[in-house]
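K.L.:
With the input below, show me the fold.
(chains A, B, C and D)
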Number of protein chains: 2
Amino acid sequence: MDKELLLNFIQHSLPVPTQTASYIADQFDNKVILKNDYFLEAGTVSNDYLFLADGFMRAFTYDADGNDVTTAFYTKNRIVLEASSFFMRTVSAETIQALTDCTGFSLSFDKLNRLFHSVPEFREFGRAMLVRQLVALKQRTLSMINKKAEERYVDLFESNRDIFQHAQLRHIASYLGVTDTSLSRIRRDFSKNG
Amino acid sequence: MDKELLLNFIQHSLPVPTQTASYIADQFDNKVILKNDYFLEAGTVSNDYLFLADGFMRAFTYDADGNDVTTAFYTKNRIVLEASSFFMRTVSAETIQALTDCTGFSLSFDKLNRLFHSVPEFREFGRAMLVRQLVALKQRTLSMINKKAEERYVDLFESNRDIFQHAQLRHIASYLGVTDTSLSRIRRDFSKNG
DNA sequence: AGATATACTTGCCAAATGACAAGAAATATG
DNA sequence: CATATTTCTTGTCATTTGGCAAGTATATCT
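P.N.:
Down below sits the predicted model:
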């Protein structure tokens, strides 16, 4: 497994010389997570920042009635991170699970902090990481308020069609804030009228 | 209006010499927002970080049916900020409104960035600010999933009783994710059984 | 391929929530 | 202080959504 994709990602995120980018990439460890295995378990502290080179994951928690609720999907060439637990060193309420076999590159909390000290430019990387996480969460929160489930479904379908290739409809349903029964009805109406 | 409260807040957030804290505090401008006026309007870019010295505010947006939905409450001695718009320089989907006459100290985006350059310790302040915002948003998002409205009501009542002194019940209702009708019923059941 | 398990759709019914309206209470205004 | 306005509660009714179960389709395993 070579680190080309990771190197690409770093250079795309941060304007640093190739040499520095290589040094940063070298701090990452190879990570393999088999289908259905966990990258992070609820009740534990997240200790790894992960660049997902290949595969597909989801985060989930449980609602007040004990139903499994998907809170996020992660696709390849993107970051997998439960930022709140990772940065605050608190136990996570969410579990992150591989939905297909996954490979990627992980950076521990300690190594990330060492990079902050040894590579000054990397601090900007940290700041950008936080802002990105915050913006993504905010957008999702707002979309749950100012869009109907049907609209969120269409958005997801248009923008992230690959999710439909990997995730089960009940995972997508709970991500959209409805039951699988309701999603079924949304899909029926959508294929008729939409 | 003196800046003692602000100075206090800064020194509590950041281990810096009094002189440095004073210098930071000097960058803030006095801000007065009268009851019902806006600190931030939806559709504009947030340009101010605000330390609320006195008063009470709320943030709100509209749902798909056009209903006003409260997304946050802000109490005195705390920060008022729409982080996503402020840091990304994008238009805000939320409006932040004073529910009582408010006074505080604001710092513009430019001045904040200048502080990052002129006061190295301040960068840690920025990082901590982002993490706090992220954690708060995450906690709220999760509580909307894994607690019932009744439980969120009790939590809010126990932890933030002053909100009930200032906010209208319909604002609290939408913040909890229910209509004012439902909140009325929750309160009735709560005063009977709880 | 055949058998078994899992996932998806659909209909029916129940429960929860919202919409609306009327009255009571609280607050603001002249 | 009296009136007007706004907010809160509560009842009735309608709508939405979920729960459940049966049937269908799809995927998995040997």
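
K.L.:
Residue of chain A nearest DNA strand D, please.
P.N.:
When scored by Cβ to the nearest atom of the strand, chain A has A:S182 as its residue closest to DNA strand D, at 3.3 Å. Quick note: C-beta positions are derived from backbone N, CA and C, even for glycine.

K.L.:
which SSE is that residue in?
P.N.:
When elements are assigned from DSSP states H and E, A:S182 belongs to helix A:180-192.

K.L.:
Please write out the alpha-carbon positions of that helix in PDB.
P.N.:
Backbone C-alpha positions of helix A:180-192 (Å, rounded to 0.1, in the frame of the first residue of the first chain) are rendered in PDB as follows:
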ATOM      1  CA  ASP A 180     -37.100   2.800   6.500                       C
ATOM      2  CA  THR A 181     -40.900   2.600   6.000                       C
ATOM      3  CA  SER A 182     -41.100   6.300   5.400                       C
ATOM      4  CA  LEU A 183     -38.000   6.300   3.100                       C
ATOM      5  CA  SER A 184     -39.700   3.600   1.100                       C
ATOM      6  CA  ARG A 185     -42.700   5.800   0.600                       C
ATOM      7  CA  ILE A 186     -40.500   8.800  -0.300                       C
ATOM      8  CA  ARG A 187     -38.800   6.700  -2.900                       C
ATOM      9  CA  ARG A 188     -42.100   5.500  -4.300                       C
ATOM     10  CA  ASP A 189     -43.400   9.100  -4.700                       C
ATOM     11  CA  PHE A 190     -40.100  10.200  -6.100                       C
ATOM     12  CA  SER A 191     -40.000   7.600  -8.800                       C
ATOM     13  CA  LYS A 192     -43.600   8.400  -9.700                       C
END
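
K.L.:
What residues of stretch A:97-111 count as buried?
P.N.:
Judged by neighbour count using 16 or more other Cβ atoms under 10 Å in any protein chain shown, the buried positions of stretch A:97-111 are A:97-100, A:102-107, A:111.

K.L.:
okay, these in TSV with pLDDT next?
P.N.:
Listed next are the buried residues of stretch A:97-111 as TSV, based on pLDDT from 0 to 100:
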residue	pLDDT
A:Q97	96
A:A98	96
A:L99	95
A:T100	93
A:C102	95
A:T103	95
A:G104	97
A:F105	98
A:S106	98
A:L107	98
A:K111	97
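
K.L.:
For DNA strand D, tell me whether the longest helix seen in chain A is touching it.
P.N.:
Ranked by residue count, the top helix of chain A under DSSP state H comes out as helix A:121-146. No: applying Cβ under 7 Å from any atom of the strand, one finds helix A:121-146 separated from DNA strand D by no less than 12.4 Å.

K.L.:
Figure out how far that helix is from the centre of its chain.
P.N.:
The gap between where helix A:121-146 is centred and where its chain is centred comes out at 12 Å by Cα atoms, centre = their mean, to the nearest Å.

K.L.:
A:D65 in helix, strand or coil?
P.N.:
coil (DSSP: H, G, I helix; E, B strand; the rest coil).

K.L.:
Give me the residues contacting the least confident helix or strand in chain A by mean pLDDT.
P.N.:
Ranked by mean pLDDT, DSSP states H and E, the helix or strand of chain A with the weakest confidence is helix A:180-192, at a mean of 90. The contact list for helix A:180-192, computed with Cβ atoms under 8 Å, 6 or more residues apart in numbering or on different chains, reads A:149-150, A:153-154, A:169-170, A:172-174, A:176, A:178.

K.L.:
Cross these against helices and list the overlap.
P.N.:
Among the contacts of helix A:180-192, DSSP H puts A:149-150, A:153-154, A:169-170, A:172-174, A:176 in helices.

K.L.:
For A:A128, give me its contacts.
P.N.:
Residues in contact with A:A128 (Cβ under 8 Å, 6+ apart) are A:S13.

K.L.:
How confident is the prediction for it, by pLDDT?
P.N.:
A:A128 is assigned a predicted lDDT (pLDDT) of 93.

K.L.:
ok, it to A:F51 distance?
P.N.:
To A:F51, A:A128 is 14 Å away according to Cβ to Cβ, to the nearest Å.

K.L.:
For stretch A:132-148, list the C-alpha coordinates in CSV.
P.N.:
Extracted in CSV, the C-alpha atoms of stretch A:132-148 (Å, rounded to 0.1, in the frame of the first residue of the first chain):
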residue,chain,number,x,y,z
ARG,A,132,-14.2,21.9,8.0
GLN,A,133,-15.7,19.6,10.7
LEU,A,134,-17.6,22.5,12.2
VAL,A,135,-19.0,23.6,8.9
ALA,A,136,-20.0,20.1,7.8
LEU,A,137,-21.8,19.6,11.1
LYS,A,138,-23.5,22.9,11.0
GLN,A,139,-24.8,22.3,7.4
ARG,A,140,-26.2,19.0,8.4
THR,A,141,-27.9,20.4,11.4
LEU,A,142,-29.5,23.2,9.4
SER,A,143,-30.5,20.9,6.6
MET,A,144,-32.4,18.8,9.2
ILE,A,145,-34.3,21.9,10.2
ASN,A,146,-35.0,23.7,6.9
LYS,A,147,-35.5,20.8,4.5
LYS,A,148,-38.0,18.0,4.4
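
K.L.:
Just the buried positions in it, please.
P.N.:
Counting neighbours by 16+ other Cβ under 10 Å, one finds that the buried residues in stretch A:132-148 are A:132-135, A:137-138, A:141-147.

K.L.:
The helix holding A:S182: how far from the chain's middle?
P.N.:
Distance of helix A:180-192 from the chain centroid (Cα atoms, centre = their mean) equals 26 Å.

K.L.:
Would you mark the buried spots in that helix?
P.N.:
Neighbour-count burial for helix A:180-192, counted by 16+ other Cβ under 10 Å, picks out A:183, A:186-187.
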